[in-house]
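Asker: Give me a model of this one.
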Amino acid sequence: MNKNLARGFAAAIFSLAGVALCCGSSAQAQTVPPATSGVTTPLKIAFVYVSPIGDAGWTYQHDLGRIAMQKALGDKVKTTVVESVSEGADSERVMRDLAQQGHQLIFATSFGYLEPALRVAAEFPGVKFEHAGGYKTAANLNTYNARYYEARYLAGMLAGKTSRSGTAGYVAGFPVPEVIQGINAFTLGMRAVNPKAQVKVLWLNTWFDPAREREAAQTLINQGADVLTNHSASSAVAQTAEDNFKARGTRMVSYQSDMRAVAPNAQLTAIVHQWGGHYTAVAKAVLNGSWKPQPVWGSMKQGFVALSPLARSVPVDVPSDVAVLLKAKQQAIEAGSFKPFSAPLTDADGKLRLQTGALSDADIGTMNWFVRGVVGTLPKL
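Answerer: Numbering: from 1, shown residues only. Predicted coordinates:
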C-alpha cells in the first residue's frame, strides 16, 4: 500500500479513540463565501453517489439511509441526490456546485471522493462535509465508516459450514484497507470452521461495473468456488451465483443489501449496511450546532451493519446448528469478548503477524496484507 495512504489511515484510526462508539468537466475556481454563523431551516443536505441508486448495493443502502433521515426529521431537512458521479474531478465539480447552491451539509459516499471533498471544504468553511470511509478530516469535514469486518467474519463461518469444495470466491473493488479487512475476516471465519478452506480473490479496479463483476464471479466459479461474496457496488455477483445455482449449487453471501430478490435460491445471507441512524444523528447535530469532525467507526452492536435472515427454504436452508453457532459468535463480537482479528495471525506468506492478543484499531485501519488461506495477489494502490 502507498505509505502516505497508510499513514493517513493510521491518523484517522487513532482519532477514533475519542469516539464513543470500501459528470462533466472541471469547474473553474470560485469566490469563497464567508463562513455562516448559523443554520437555516430546512437544512439543505446533499448526497453524492458513485453509482446509480438502483434497487440494491452500496449506493442503494446510502439512499435508504437518506430516506430514513428525511422521514425522521420531516420538514427540518431538504435533501438533494446526485447519482453516478465519477471519483476525481467530476466529484469535485459536483460538490462545489452543491455548496454554491446553498447546501449546508454534503455527504460524499465514495472512497475516492476524499481529496475532492477536502478541497471543496476548504473553499466553503460554512458547509459541513461527511465522507464515507476516509482517513483525513478538516475543520468542516468528518469521516464515517462501519466495522463491516465483524459481519464478514460471521459470513465466512457460514461459508465454511456450507461450502462443499472448501473454496470461496471474492470479487473485490480496490485494495484499500476496508476491502482487505473484509477479505481477511471472511477467510478467518471460514477457516475457523474448516482449517483447509481457501478464498480466491479477483480484483476489479473499479467499484461499479456489472459486466466485469459478473465476469469475475463466473471465473471464480469456474476455478472451483461454490460460495461467492463481493465488495463491489452492483447485484451482478449475486445474479451470477443464482444463474449457477441449479447446475453447480453455487451459493452467495450478498454484500451491502439483501439480494434475495435476485438470488432467491443462492443467497445464504447478506451483510447489510444501515445508515439511517447515523445520517439522522449527523443532521440533528448540524441543526443544533453540536456537529464536529469526530470520526465514526460504527459496529454491529450499534446497528451500522447486520446479517440478513439466513436462508430457510427447503432443501437448501442453513442447518439450525449453524444458525446457533453464528448467533453465539455474533453475541461474543458485540459483547467484546471475541475480536475477529485475534492471535495467532499468520499471513499468506507464512509469516506470524500476531502472536498474542488482538490487532489494534490502528493496525486494522492500515491493513495491507492477506491472512493465510487467501489466494490471490495484493496489488499496490
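Asker: where does the protein dip in pLDDT?
Answerer: Scanning the chain with the threshold set as pLDDT under 70 gives 1-38, 312-317, 381.
Asker: go again using 90 as the cut-off
Answerer: 1-41, 311-321, 379-381 (pLDDT under 90).
Asker: Which parts of it are helices?
Answerer: All helices of the chain, identified by DSSP state H, fall at 3-15, 58-73, 89-100, 114-123, 148-162, 177-193, 210-222, 236-243, 245-248, 276-288, 320-335, 361-365.
Asker: closest one to Lys200 among those helices?
Answerer: Counting by CB to CB, Lys200 lies closest to helix 210-222 out of the helices of the chain; the figure is 5.7 Å. C-beta here means a position set from N, CA and C on the backbone, and glycine is covered the same way.
Asker: tell me which residues in the closest one are buried?
Answerer: Pro210, Arg212, Glu213, Arg214, Glu215, Ala216, Ala217, Gln218, Leu220, Ile221 (16 or more other CB atoms under 10 Å).
Asker: Throw the residues you listed into CSV and include distance to Ala132, thanks.
Answerer: Shown next, in CSV, are the buried residues of helix 210-222 (distance: CB to CB, whole Å):
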residue, distance to Ala132
Pro210, 21
Arg212, 22
Glu213, 20
Arg214, 25
Glu215, 27
Ala216, 23
Ala217, 25
Gln218, 29
Leu220, 27
Ile221, 30
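Asker: Reformat the helices of the chain into JSON lines and put distance to Ser51 next to each item.
Answerer: As requested, these are arranged in JSON lines below (distance: least, CB to CB, whole Å):
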{"stretch": "helix 3-15", "distance to Ser51": "23"}
{"stretch": "helix 58-73", "distance to Ser51": "5"}
{"stretch": "helix 89-100", "distance to Ser51": "12"}
{"stretch": "helix 114-123", "distance to Ser51": "17"}
{"stretch": "helix 148-162", "distance to Ser51": "18"}
{"stretch": "helix 177-193", "distance to Ser51": "16"}
{"stretch": "helix 210-222", "distance to Ser51": "10"}
{"stretch": "helix 236-243", "distance to Ser51": "12"}
{"stretch": "helix 245-248", "distance to Ser51": "25"}
{"stretch": "helix 276-288", "distance to Ser51": "18"}
{"stretch": "helix 320-335", "distance to Ser51": "29"}
{"stretch": "helix 361-365", "distance to Ser51": "25"}
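Asker: closest to Thr137 out of those?
Answerer: helix 3-15 (7.0 Å).
Asker: Distance check, Ala185 against Ile106.
Answerer: Per CB to CB, to the nearest Å, Ala185 is found 31 Å from Ile106.
Asker: if you count what's nearby, which of these two comes out ahead?
Answerer: Ile106 (30 against 25; other CB atoms under 10 Å).
Asker: ok, now which ones touch the residue nearest to the more buried one when sequence neighbours are not counted?
Answerer: With sequence-adjacent residues excluded and distances taken as CB to CB, 6 or more residues apart in numbering, Ile106 is closest to Ala46, at 4.7 Å. Counting by CB atoms under 8 Å, 6 or more residues apart in numbering, Ala46 touches Thr79, Thr80, Val81, Val82, Met95, Leu98, His103, Leu105, Ile106, Phe107.
Asker: Quick check: bridge partners of Ala46?
Answerer: Counting by DSSP bridges, Ala46 forms beta bridges with Thr80, Ile106.
Asker: Correct me if wrong: Trp369 contacts Leu354.
Answerer: No. Counting by CB atoms under 8 Å, no contact exists between Trp369 and Leu354, whose distance comes to 11.1 Å.
Asker: Could you double-check that Arg147 sits in contact with Gly303?
Answerer: No. Taking contacts as CB under 8 Å, Arg147 lies outside contact range of Gly303: 11.5 Å.
Asker: Good, we can wrap up now.
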